[in-house]
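Engineer: Build me a structure from this.
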Amino acid sequence: MSEDRLEAMRLELRRGSLALIVLTALRQEHYGYSLRQKLQADGLAIEEGTLYPLVRRLESHGLLDSRWSDEQGRRRRYYRMSADGQKVLNALKQEWQTLNKVMHTVQESS
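Structural biologist: Okay, here's the model as predicted:
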């Protein structure tokens with residue numbers, strides 16, 4: 001397999017996982033930079049150009065709530081998972097667990 005194809009498959013897998021990861025992280029309120037720092041501390045390096053469009057998309061789908069706050073002379077937008085976001089997160093986590101179980105079963109039977 002070529003490196004280009006492998007990288008394309010990695011990106012596809014990562015894209016599918018990012019919404020689940022971001023929703024999980026936003027069970028607690030964060031502004032953009034603090035969310036990025038939290039994800040990085042947890043082992044996920046993510047570029048601003050990837051994170052911010054994803055957060056905006058999740059918010060536009062009603063999965064996140066946001067509020068503006070002025071703290072220490074800086075205006076920041078804080079995000080937190082909404083009630084609908086929690087429902088989606090629960091469904092995605094269940095799907096993730098099912099896929100992991102299938103992957104484990106396939107590996108064990110091969």
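
Engineer: Give the buried residues for the longest helix seen in the chain.
Structural biologist: Secondary structure of the chain per DSSP state H: the longest helix is helix 83-109. Of all the residues in helix 83-109, those buried under the rule 16 or more other Cβ atoms under 10 Å are 85, 88-89, 92. All C-beta atoms are positioned from the backbone trio N, CA, C, and that covers glycine.

Engineer: and what of stretch 67-80?
Structural biologist: 78-79.

Engineer: end-to-end on that stretch?
Structural biologist: With Cα to Cα, to the nearest Å as the measure, stretch 67-80 spans 9 Å from end to end.

Engineer: Pull the residues that contact it.
Structural biologist: For stretch 67-80, the surrounding residues in contact (Cβ atoms under 8 Å, 6 or more residues apart in numbering) are 26-32, 35, 55, 59, 64-66.

Engineer: still on that earlier bit, quick one: average confidence on the longest helix of the chain?
Structural biologist: For helix 83-109, mean pLDDT rounds to 96.
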